[in-house]
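>>> Could you look at this predicted model? Sequence included:
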Amino acid sequence: MNETPEQPAAASKAAAKKAVTKKATAKKATAKKAVAKKAVTKKAAATETAPAKRTAASKKTTTPKTAAAKKTIAAKTAAKKTTAEKTAPKTAAKKAPARKPESRAAMVRRARRINRELAELYPYAHPELDFTNPFELLVATVLSAQTTDLRVNQTTPRLFAVCPTPEDMAAMDPERLEELIRPTGFFRAKTKSLLGLSAALRDRFDGEVPGRLEDLVTLPGVGRKTANVVLGNAFGVPGITVDTHFGRLARRFGWTTAEDAEKVEADVAEIFPRSEWTMLSHRVVFHGRRVCHSRKPACGACPIAPLCPAYGEGETDPEKAKKLLKYELGGQPGQRLKPPAGYPGKPAPPMAPPVAAS
């Protein structure tokens with residue numbers, strides 16, 4: 001049966017309609033999938049946010065305690081800072097100025113300049129023990145251990161009036177000798193030394209004090225320091241006397257770092273010519289007793305302060321420092337009852353007589 005022209009046209013329309021329907025269905029399906037996917041994403045986001053919210057809530061709950069702890073820590077830190085600020089100036093004040101690096105040659109030049117300055121300051125420097133002969137100087141130096149030269153000078157007039165020679169002293173009754181030297185302290189040990197050295201001088205050196213270091217140090221109670229005092233001042237043999245004052249200043253001046261007296265002596269001997277040793281000892285000891293004290297040096301009144309690496313260890317205010325000066329520099333008597341000619345200070349007073357028992 002033959003088809004009419006209207007039949008193909010109707011078929012085309014039906015096919016087109018079917019295609020449109022299919023397209024619409026596909027579009028709806030895509031939209032549904034998109035909605036479902038969005039829902040899943042939203043759910044996942046909600047799941048992730050929940051722990052964060054719980055954590056935030058947890059933090060919110062513990063905030064008061066944490067804040068209190070932080071406040072306590074902050075208070076402690078502030079207290080420590082305040083304490084540190086209070087103590088900082090005190091610690092800084094105790095520190096000596098840092099020493100600048102110095103070559104050996106520069107140190108030697110500075111040391112010799114200090115010696116020249118001290119010579120101008122103390123042209124009258126001398127041994128501060130009263131004596132008229134080598135034996136008296138030897139005995140006085142032994143007695144000066146652990147006491148002042150002044151106390152020795154106040155004690156020896158009575159002693160030498162009783163026993164002026166080694167023979168006389170060697171024959172002394174120990175108790176009588178102890179009584180005579182009691183004011184100098186450690187009188188029993190000193191009595192033993194004096195009796196021993198007097199007997200040695202009588203028996204081995206014909207009653208004369210030897211003029212050699214090797215011989216002097218063999219005597220009881222006589223070491224290098226005592227021997228150098230006797231040699232330098234009674235025999236004119238140069239020597240460096242390292243007592244507590246000399247050792248202290250030698251270290252402050254940067255001449256040595258040693259504490260041992262013999263090592264200090266050796267270090268200083270390498271800096272100065274031998275001819276200067278005896279007078280250098282007097283000048284340094286004078287300065288140590290009058291200005292550069294052990295506990296509180298008078299830095300502000302020290303003429304050699306610009307040459308001293310230890311400047312600042314003591315009082316730097318000039319007016320306050322002047323009040324720390326001792327002996328003739330402080331307007332007070334010296335240590336000798338019979339000072340040498342040219343000494344600008346006053347003689348020391350003799351020992352007061354003992355009060356009579358009533």
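Noted; the coordinates are in hand.
>>> hang on, isn't residue 142 packed against residue 197?
Yes. Assessed by C-beta atoms under 8 Å, residue 142 is found in contact with residue 197 at 7.1 Å. Glycine gets a C-beta too; all of them are placed from N, C-alpha and C.
>>> List the residues that are in contact with both of those two.
221-222 (C-beta atoms under 8 Å, 6 or more residues apart in numbering).
>>> ranges for the helices of the stretch 251-358 of the chain?
Under the criterion DSSP state H, counting those that start in this stretch, the stretch 251-358 of the chain contains helices at 261-269, 277-290, 318-322.
>>> for those, which one sits closest to residue 353?
Checking the helices of the stretch 251-358 of the chain against residue 353 by C-beta to C-beta gives helix 277-290 as the closest, at 27.1 Å.
>>> what does the closest one contact?
Contacts of helix 277-290 (C-beta under 8 Å, 6+ apart): 115, 118-119, 121-122, 125-128, 228, 232-233, 238-241, 243, 245-246, 248-250, 268-269, 272, 304, 325-330.
>>> Please export the C-alpha coordinates of it as PDB.
What follows is helix 277-290 as a C-alpha-only set of coordinates in PDB (Å, rounded to 0.1, in the frame of the first residue of the first chain):
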ATOM      1  CA  TRP A 277     114.700  47.000  93.300                       C
ATOM      2  CA  THR A 278     115.100  48.300  96.900                       C
ATOM      3  CA  MET A 279     113.600  51.800  96.400                       C
ATOM      4  CA  LEU A 280     110.900  50.400  94.200                       C
ATOM      5  CA  SER A 281     109.900  48.100  97.100                       C
ATOM      6  CA  HIS A 282     109.700  51.100  99.500                       C
ATOM      7  CA  ARG A 283     107.600  53.200  97.100                       C
ATOM      8  CA  VAL A 284     105.100  50.500  96.300                       C
ATOM      9  CA  VAL A 285     104.700  49.600 100.000                       C
ATOM     10  CA  PHE A 286     104.300  53.300 100.900                       C
ATOM     11  CA  HIS A 287     101.600  53.600  98.200                       C
ATOM     12  CA  GLY A 288      99.800  50.500  99.400                       C
ATOM     13  CA  ARG A 289      99.700  51.700 103.000                       C
ATOM     14  CA  ARG A 290      98.600  55.200 102.200                       C
END
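>>> Could you tell me which of the contacts of helix 277-290 count as buried?
115, 118, 121-122, 125-128, 228, 232-233, 238-241, 243, 245-246, 248-250, 268, 272, 304, 325, 327-329 (16 or more other C-beta atoms under 10 Å).
>>> Could you list which of those belong to helices?
When DSSP state H defines the helices, the subset of these inside them is 115, 118, 121, 228, 232-233, 245-246, 248-250, 268.
>>> Looking at the residues you listed, which two lie furthest apart in space?
Counting by C-beta to C-beta, the most remote pair of these is 121 and 228, 22.6 Å apart.
>>> so how far is residue 249 from the residue lying closest to residue 276 once chain neighbours are set aside?
Nearest residue to residue 276 in three dimensions, chain neighbours excluded: residue 115, at 6.5 Å (C-beta to C-beta, 6 or more residues apart in numbering). Distance, residue 115 to residue 249, by C-beta to C-beta, to the nearest Å: 11 Å.
>>> Same check on residue 261?
Residue 261 is 13 Å from residue 249, by C-beta to C-beta.
>>> Repeat that for residue 189.
Distance from residue 189 to residue 249, by C-beta to C-beta: 28 Å.
>>> where in this structure is pLDDT low?
1-100, 354-358 (pLDDT under 70).
>>> I figured residue 112 was touching residue 268, is that so?
No. Residue 112 lies out of contact with residue 268 (C-beta under 8 Å); the separation is 11.5 Å.
>>> In the host helix or strand of residue 201, which residues are buried?
Using DSSP states H and E, the element containing residue 201 is helix 187-204. Within helix 187-204, the residues that qualify as buried by neighbour count (16+ other C-beta under 10 Å) are 187, 190-191, 193-195, 197-202.
>>> just the residues you listed now: which is nearest residue 334?
residue 190 (23.6 Å).
>>> quick one: contacts for that closest one?
So residue 190 contacts 142-143, 145, 181, 184, 221 (C-beta under 8 Å, 6+ apart).
>>> again with residue 141
With C-beta under 8 Å, 6+ apart, residue 141 has these contacts: 129, 226, 229-230.
>>> same thing but at 6 Å, please
226, 229 (C-beta atoms under 6 Å, 6 or more residues apart in numbering).
>>> relative to helix 187-204, how tilted is the helix or strand where it lies?
Assignment of secondary structure by DSSP H and E places residue 141 within helix 134-143. On the basis of axes from the mean of the first three to the mean of the last three C-alpha atoms, to 10 degrees, helix 134-143 is oriented at 150 degrees to helix 187-204.
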